[in-house]
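Engineer: my questions are about this predicted structure, shown below with the sequence.
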Amino acid sequence: MNEFYYAVLTDDDDHSFTAGEITRIKFLQNIEVEMPQEAMRVYGDNGTAEIAISSGNVTVSTQFHKVPIQDKNILFALETVDGLSSIGGEDGPPYVAAVFTKTFEDGSKEWVGLTKGMSCVLKFPVKPKKKTKNLIMKKSLENLWSVM
């Protein structure tokens, strides 16, 4: 996985939106896309008349080595006062679109796009992991990105 980009969306009307500036966040470490589905059967005349797929909410969990504070401020609608960012009780993150690439063993890439979603903070690690000789602190931020 590589090349994670996002853009804030602005509603034009009930059926369309405009994407703002496209921004890349480097050092994506992990991404998991969950798309729950369930087969629903409709019966008639002692057999299956039709099969339909019922889709649940799509969720995307990401983890980065480091997310720049300006991107955190945008994605999580953090409040900034005198240069300090904080999470407030009434913060409402914006809708965003995002894309990333999956790179395969043969070097080929596949782009994955998420058209409209919202980020919410799940973990905000603040203490370092166990110290070792060659310590590289993991400054990751995990979030859940719910696709609308």
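Structural biologist: Cool, the structure landed. Residues are numbered from 1 along each chain as shown.

Engineer: okay, now residue 57: neighbour count?
Structural biologist: Using other Cβ atoms under 10 Å, residue 57 has 10 other residues around it. Quick note: C-beta positions are derived from backbone N, CA and C, even for glycine.

Engineer: the chain: helices as residue ranges?
Structural biologist: Residue ranges of the helices in the chain, as given by DSSP state H, are 69-75.

Engineer: if I look at residue 77, how far off is residue 88?
Structural biologist: 8 Å (Cβ to Cβ, to the nearest Å).

Engineer: neighbour count for the two, which is higher?
Structural biologist: Neighbours around residue 77 and residue 88, counted as other Cβ under 10 Å, are more numerous at residue 77. The numbers are 16 against 10.

Engineer: right, and the more buried one touches residue 93 too?
Structural biologist: Yes: judged on Cβ atoms under 8 Å, residue 77 makes contact with residue 93 at a distance of 4.6 Å.

Engineer: so what sits against both of the two?
Structural biologist: Contact with both residue 77 and residue 93 is made by no residue, according to Cβ atoms under 8 Å, 6 or more residues apart in numbering.

Engineer: next, count neighbours for residue 32.
Structural biologist: Considering only other Cβ under 10 Å, residue 32 is surrounded by 9 other residues.

Engineer: show the model's pLDDT score for it.
Structural biologist: Listed pLDDT for residue 32 reads 83.

Engineer: show me the contacts for it.
Structural biologist: Here residue 32 is in contact with 60-62 (criterion: Cβ under 8 Å, 6+ apart).
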